[in-house]
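Colleague: Need coordinates for the below:
(one chain, ligands or ions: 1)
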Amino acid sequence: MPPKTDSAIPPGGVIGILGGGQLGRMTALAAARLGYSAHIFAPEADTPASQVTANVTQAEYTDTAALKAFAASVDAVTLEFENVPVSALETLAAIVPMRPGAACLAAAQDRLVEKRFLESVGAGVAPYQPVDSADDIRRALQSLGAPIIVKTRRFGYDGKGQVRVETADAADAAWRDLGEAPSIAEGFIGFEREISVIAARDIHGRTAAYPPVENIHENHILRTTLAPAQNLGPLAVEAESMAMRAMDALDMVGLLAVEMFVTPDGRLLANEMAPRPHNSGHWTMDAATTCQFEQLTRAVMGLPLGDPSPTAMAEMHNLLGDESDNWPELLADPGVALHLYGKGEARPGRKMGHWNRRTGPVPNTKSG
Ligand code: AMP
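Modeller: Prediction:
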């Protein structure tokens, strides 16, 4: 029997989460606040998410028997991690509501498919070309103009699977660095700033968006988010509507985060999207009426969406690597809301936690 999709799953139900990282941990905690329990499905043992839940399946995403048993033990499934095979979502969707569905994941996990999809919903994107050889990199340098950024179509994150190429001489080495994997070349955007927007869509197709935020990256890793982004003018509404159009086009239930560049001439270019909670939405835990993890839970469990309005201006700082050792100083400041992910090894650049601070009253979010 196909899963029932049009009614609320009452508190007491179980939300299944694919992936065991911090996004799953914070979703499980928000779900618990609404009276749900979470069941984590992840290949690794002792994950940030499994530490806060009683129900854990440790299995590969290709283990069909484990997926089917997991599906039978939960009321709906979501994901906190994109590099899950689309076939796993299809297996689950035959048994239990899968939110977001396989088509949403397919559109987001391949950068070439993603770019074409974003263009199809009217978003501007950086000029790009598919790359399947070192010769393609040389051709892209010619047609897009140097420098270019070449990114693997799949499995990239936090700047991994990305090379900046300045000259044709560097093409062979760049192709090797990318592991000769199918890639895309993008023209380099001299952006003024980077923003992102997170929208939610419920089982009835109603949407709600958080205001766009400004993101500051260091070595391709998110360092700081300033929320809401100031002085965006009409781009604020344009960014929100872009995310909502993308969700409608995919008939998506859950959250969609879209990262964008603001160009010096005042255009928005969509860079990438993620069908899940997003690091740039962590400020909502301490400075929005409904945090992104509760919003995801509401959407997935068929509840009405909550109010995404900010309750304060806020900043979010990631704790990378051994920066999390600074917890005593952070906690000594009563204005700091500290969130640690329970990860053991503080490898350089690894996201170990984050902290939020409210910085003042919200001016006027719509007109920026
Ligand atoms: P991504 O993995 O696509 O999110 O890229 C990581 C970061 O690299 C972005 O947040 C930007 O700071 C930078 N970046 C990515 N693509 C471009 C581009 N086409 N032009 C300029 N900077 C880029």
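Colleague: ok, which stretches of the stretch 201-350 of the chain are helices?
Modeller: 235-249, 284-287, 292-300, 327-332 (DSSP state H, counting those that start in this stretch).
Colleague: Same list (these) but as JSON lines, adding distance to the ligand, mean neighbour count and mean pLDDT.
Modeller: The way it works is simple: take the backbone N, C-alpha and C, and place the C-beta from them, glycine included. Formatted as JSON lines, these follow (distance: least, C-beta to the nearest ligand atom, whole Å; neighbours: other C-beta atoms under 10 Å; pLDDT from 0 to 100):
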{"stretch": "helix 235-249", "distance to the ligand": "15", "mean neighbour count": "21", "mean pLDDT": "98"}
{"stretch": "helix 284-287", "distance to the ligand": "20", "mean neighbour count": "22", "mean pLDDT": "98"}
{"stretch": "helix 292-300", "distance to the ligand": "18", "mean neighbour count": "27", "mean pLDDT": "98"}
{"stretch": "helix 327-332", "distance to the ligand": "25", "mean neighbour count": "12", "mean pLDDT": "98"}
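Colleague: Include distance to Ala227 when you put the ones you listed into CSV, please.
Modeller: What follows is those, written out as CSV (distance: least, C-beta to C-beta, whole Å):
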stretch, distance to Ala227
helix 235-249, 12
helix 284-287, 7
helix 292-300, 11
helix 327-332, 19
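Colleague: What segments of the stretch 51-200 of the chain are helices?
Modeller: Under DSSP H, counting those that start in this stretch, the stretch 51-200 of the chain gives helices at 64-72, 86-93, 102-108, 111-120, 134-144, 171-177.
Colleague: and those helices, which is most packed in?
Modeller: Counting by mean count of other C-beta atoms under 10 Å, helix 102-108 has the highest mean neighbour count of the helices of the stretch 51-200 of the chain, with a mean of 22.
Colleague: Could I get the average pLDDT for it?
Modeller: The pLDDT scores in helix 102-108 average 97.
Colleague: which residues in the stretch 251-368 of the chain form strands?
Modeller: According to DSSP state E, counting those that start in this stretch, the stretch 251-368 of the chain carries its strands in the segments 254-262, 268-274, 313-320, 337-340, 351-360.
Colleague: So which residues make contact with the second one?
Modeller: Read that as strand 268-274. Residues from elsewhere that reach strand 268-274 (C-beta atoms under 8 Å, 6 or more residues apart in numbering): 82, 107-108, 111, 114, 118, 123-126, 189, 191, 194-195, 235, 238-239, 242-243, 246, 256-263.
Colleague: which parts of the stretch 1-150 of the chain sit against the ligand?
Modeller: Counting by C-beta under 6 Å from any ligand atom, the stretch 1-150 of the chain comes close to the ligand at Ala126, Ile149.
Colleague: any chance you could map the strands in the stretch 1-150 of the chain?
Modeller: Using DSSP E, counting those that start in this stretch, strands in the stretch 1-150 of the chain cover 14-18, 37-42, 55-58, 76-79, 128-131, 148-152.
Colleague: In a markdown table: the ones you listed, plus mean pLDDT.
Modeller: Below are those laid out as a markdown table (pLDDT from 0 to 100):
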| stretch | mean pLDDT |
| --- | --- |
| strand 14-18 | 98 |
| strand 37-42 | 98 |
| strand 55-58 | 98 |
| strand 76-79 | 98 |
| strand 128-131 | 98 |
| strand 148-152 | 97 |
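Colleague: Out of those, which is the most enclosed?
Modeller: strand 76-79 (a mean of 28).
Colleague: From the contact counts, what lies against that one?
Modeller: Strand 76-79 is packed against strand 14-18, helix 292-300, with contacts defined by 3 or more C-beta pairs under 8 Å, 6 or more residues apart in numbering; DSSP states H and E.
Colleague: Which neighbouring elements make contact with the first one?
Modeller: I take that to be strand 14-18. helix 22-33, strand 37-42, strand 76-79, helix 86-93.
Colleague: Can you pull the poorly scored residue ranges out of the chain?
Modeller: 1-4, 158-159, 364-368 (pLDDT under 70).
Colleague: Let's see that with 80 instead.
Modeller: Scanning the chain for pLDDT under 80 picks out 1-5, 156-160, 364-368.
Colleague: Domain parsing of it, as residue ranges.
Modeller: Annotated domains of the chain cover 14-109, 127-187, 193-360 [automatic domain parsing].
Colleague: Now distance to Asp6 too, for these, in a markdown table please.
Modeller: A markdown table is the format used below for those (distance: least, C-beta to C-beta, whole Å):
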| stretch | distance to Asp6 |
| --- | --- |
| domain 14-109 | 10 |
| domain 127-187 | 34 |
| domain 193-360 | 7 |
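Colleague: Save the strands of the stretch 1-150 of the chain as JSON lines, and put in distance to Val336 too.
Modeller: Shown next, in JSON lines, are the strands of the stretch 1-150 of the chain (distance: least, C-beta to C-beta, whole Å):
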{"stretch": "strand 14-18", "distance to Val336": "28"}
{"stretch": "strand 37-42", "distance to Val336": "27"}
{"stretch": "strand 55-58", "distance to Val336": "31"}
{"stretch": "strand 76-79", "distance to Val336": "29"}
{"stretch": "strand 128-131", "distance to Val336": "40"}
{"stretch": "strand 148-152", "distance to Val336": "35"}
